[in-house]
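> Please work out how this folds:
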Amino acid sequence: KAIVDTVKTTLGADARNVLTDKKGKARVSDDGVTIASGIVLKDPHENSAAQAIVEVAKKTREMVGDGTTTSMLLAGAIIKEAMGRIGENPMKLKRAIKENCSKVIKELKKKAKPIKTKEEVQNVARVALLDEELGNIVGEIVHKVGIDGFVSVEENLQYEHEYEITNGMRFDATYAAPIFVTNERREAIFTDCPILVMTGQFERFYDLYYILNVAGRLLNKKSIILLASGFSREMINEIIKIVLEKQWGILPIKAPALTDEQLEDIAVFTGGKYFDLNKGNLSNDGERGTDNSPSTKESYGKISNLRVNRDYADLISDGGSKESIRCRIEMLKEHLKLESDETLKNRVKSRIGAMSSGMGIIKVGSVTEMERNYLFKKVQNAVNSAKCALEEGVIKGGGITLKEISESMEENILTKPLKAPYEQLIENAGEEREIGENIVDPVKVTRTALENACSIAGILITTASSVVWSQSSLEEEIRNIVKDIETFTKYNPENP
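Reported below is the predicted structural model:
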């Protein structure tokens, strides 16, 4: 209840913001999961249940990037309704939640209206942002890059908003260690430098020093991005030592989820070559020639800008020639015609989209840093909403559709909770208002929020007890560990 009561005021066009404190730095937000993540309840048992609700919001954000407040509000309403049914079997209630959730999802899909035009996408973004200028920018960018294209949201230190479509792509990857982070958003950013793309575990020191020697001599650069499937701990430590000594600027990026073909896509896109670490060392020892040796300028791709966080990397590059990229895309299209497995076909389509759609860049500007951070998060949510709308269509917004479905169903455990978003929007507005035709919600966001809410509600109402670590137990455990160390030291004089 404490979690839901805090975030529910952030729902809708008349929402309120919440002031949060992160490491002594004030932030303003209307993003449900951002706010809820900072809440810790005094009672450890209550806090355990509260964090389960927060996990619903995090899962919703992970899946669709928006709808986090709605998911927590629905979860709270379903749990409240179930707890009011004293005497009923919790397992039966859980089954009822699951069955009726499926019925609601079917109705949502029936009511979905597909969108295609730029104006329709812009309308979705405007509703999500409550800002006409930014909404039009987001809608235009998302419409141009499409579902398979990528949009990078950045901060602009100027007052104005800026946007463009550029040669870029996004892929699943992360930095090899947190020490390479360069800003408070826990991102690592490198600009105007070469990139070397490799598959396999990067672990041989002579490979590293060979690459640095060749790149420094041929490219006249002192910074480089190393992209590989993985890095050994010893290699990461060696790179950190080189960076701290300011010999080189090196950003090691690991991408264990990428296939060899996807890594080769990146090499082609950036204008470089792709090397296999599993074939042995990369240095040109005269035995294998230069096929697997980055000994020429053409071995290294070019990066204009690369931004990597804990989940993915966005890169901008004009290093790859249009002809080589076109040939690569044509090859993938031919491969698509021969592929029969739907999962693999979707994977190939995603690769084609990554290489052909380009990347949209939106730079959010503002007079103050606080407002810029606030708008940054809002724009990210709007981008996700617009993409979800393109994918599964839209429904009437403002909680109206869930309310209409509730009123059309026979009374069940979900009929009252489904009205919660609409009722909260009315409460936030201070009066009942007519919801205009332009107010829409992406079906995918509403569907995901409801599915996740029903899932956690079913788990919590069938939970009979709670076991948590209390502060006193933790302190006692620490005292015992210290006591054991003191005892061992006292009776073992050889111990240093």
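> does residue 355 really touch residue 269, like I thought?
Yes - if you go by C-beta atoms under 8 Å, residue 355 and residue 269 touch, sitting 5.9 Å apart. From N, CA and C alone the C-beta is placed, and that goes for glycine too.
> quick one: the strands in the stretch 51-200 of the chain?
Counting by DSSP state E, counting those that start in this stretch, the stretch 51-200 of the chain has strands at residues 150-156, 162-166, 168-172, 174-175, 188-199.
> Please tabulate the ones you listed in JSON lines, including the columns mean pLDDT, mean neighbour count and distance to residue 365.
Listed next are these as JSON lines, based on pLDDT from 0 to 100; neighbours: other C-beta atoms under 10 Å; distance: least, C-beta to C-beta, whole Å:
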{"stretch": "strand 150-156", "mean pLDDT": "86", "mean neighbour count": "20", "distance to residue 365": "4"}
{"stretch": "strand 162-166", "mean pLDDT": "87", "mean neighbour count": "14", "distance to residue 365": "7"}
{"stretch": "strand 168-172", "mean pLDDT": "89", "mean neighbour count": "20", "distance to residue 365": "20"}
{"stretch": "strand 174-175", "mean pLDDT": "96", "mean neighbour count": "20", "distance to residue 365": "27"}
{"stretch": "strand 188-199", "mean pLDDT": "94", "mean neighbour count": "21", "distance to residue 365": "18"}
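> for stretch 427-434, how far is the first residue from the last?
Criterion C-alpha to C-alpha, to the nearest Å; first-to-last residue distance in stretch 427-434 is 14 Å.
> Give me the mean pLDDT for it.
Across stretch 427-434, the average pLDDT comes to 76.
> Same question for stretch 309-316.
Taken as a whole, stretch 309-316 has a mean pLDDT of 92.
> List the buried residues for that stretch?
When burial is assessed from 16 or more other C-beta atoms under 10 Å, stretch 309-316 yields the following buried residues: 309, 313, 314, 315, 316.
> Quick check: the two most widely separated of those?
309 and 316 (15.5 Å; C-beta to C-beta).
> center of the chain - which residue?
For the chain, the residue nearest the mean C-alpha position is residue 62 (5.5 Å; C-alpha atoms, centre = their mean).
> Distance check, that one against residue 311.
Distance, residue 62 to residue 311, using C-beta to C-beta, to the nearest Å: 9 Å.
> low pLDDT regions in this structure?
Along the chain, the model assigns pLDDT under 70 to residues 22-24, 284-290, 432-433, 469-477, 483-496.
> Have a look at it and report its longest helix.
When the chain is parsed with DSSP state H, its longest helix is helix 369-392.
> Give the buried residues for it.
Within helix 369-392, the residues that count as buried by 16+ other C-beta under 10 Å are 372-390, 392.
> Helix, strand, or coil at residue 323?
When classified by DSSP: H, G, I helix; E, B strand; the rest coil, residue 323 comes out as helix.
> I'd like the distance between it and residue 332.
Per C-beta to C-beta, residue 323 is found 15 Å from residue 332.
> The two: who's more crowded?
In this view residue 323 and residue 332 are compared by other C-beta atoms under 10 Å, and residue 332 has more residues nearby, 17 against 8.
> if you skip the residues just before and after it, what's nearest to that one?
residue 352 (5.0 Å; C-beta to C-beta, 6 or more residues apart in numbering).
> Report the spatially nearest residue to residue 139, omitting neighbours in sequence.
Nearest residue to residue 139, sequence neighbours excluded (C-beta to C-beta, 6+ apart): residue 122, at 2.8 Å.
> Please tell me I have it right and that neighbour contacts residue 134.
No - between residue 122 and residue 134 there is no contact under C-beta under 8 Å: 10.3 Å.
> now the residue nearest to residue 139: how far from residue 388?
Distance check for residue 122 against residue 388: by C-beta to C-beta, it reads 15 Å.
> residues near residue 462, how many?
Around residue 462 there are 13 residues (other C-beta under 10 Å).
> list the contacts for it?
Applying C-beta atoms under 8 Å, 6 or more residues apart in numbering to residue 462 gives the contacts 90, 91, 94.
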